[in-house]
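Asker: sequence first, then the predicted structure, then my questions.
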Amino acid sequence: MSQDFAQAAVQLSREVYENLRRAVELGRWPDGRTLTAEQRQTSLQAVIAWEQANLPEHERSGYIAKPGCATDSATESAAEQPVNWRTGGKQDA
């Protein structure tokens, strides 16, 4: 990724970032046209660059919390509660 591209991606508005992210997720532009492989790759690079500059690590695409690492309390408490598969919800302690 060129330095100019990275600088431009970081300066995108949040609305443009969200549109690019959604296009990458769906494989389609908002008007329904399919992204080409090159468009998808370029859009994903822009999304990653924008997230790296504008979001904390735990909010970025593809973030996976490492077991045993400190995370925010909401994520920790949710991860510690077992799921009741019969009801689809959290079990009451």
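Answerer: Arrived safely, thanks for sending.
Asker: quick one: stretch 48-64 to chain centroid distance?
Answerer: Distance, stretch centre to chain centre, for stretch 48-64: 6 Å (Cα atoms, centre = their mean, to the nearest Å).
Asker: what are the buried residues along that stretch?
Answerer: Ile48, Ala49, Trp50, Glu51 (16 or more other Cβ atoms under 10 Å). In short, each C-beta sits where N, CA and C put it, glycine included.
Asker: and Ala6, what does it touch?
Answerer: With contact set as Cβ atoms under 8 Å, 6 or more residues apart in numbering, Ala6 has these partners: Ala49.
Asker: name the SS class of it, please.
Answerer: helix (DSSP: H, G, I helix; E, B strand; the rest coil).
Asker: so where's the chain uncertain?
Answerer: 1, 69-85, 87-93 (pLDDT under 70).
Asker: let's see 80
Answerer: Residues of the chain meeting the criterion pLDDT under 80: 1-2, 68-93.
Asker: spatially central residue in it, please.
Answerer: When Cα atoms, centre = their mean is applied to the chain, the residue found nearest the centroid is Ser61 (2.4 Å).
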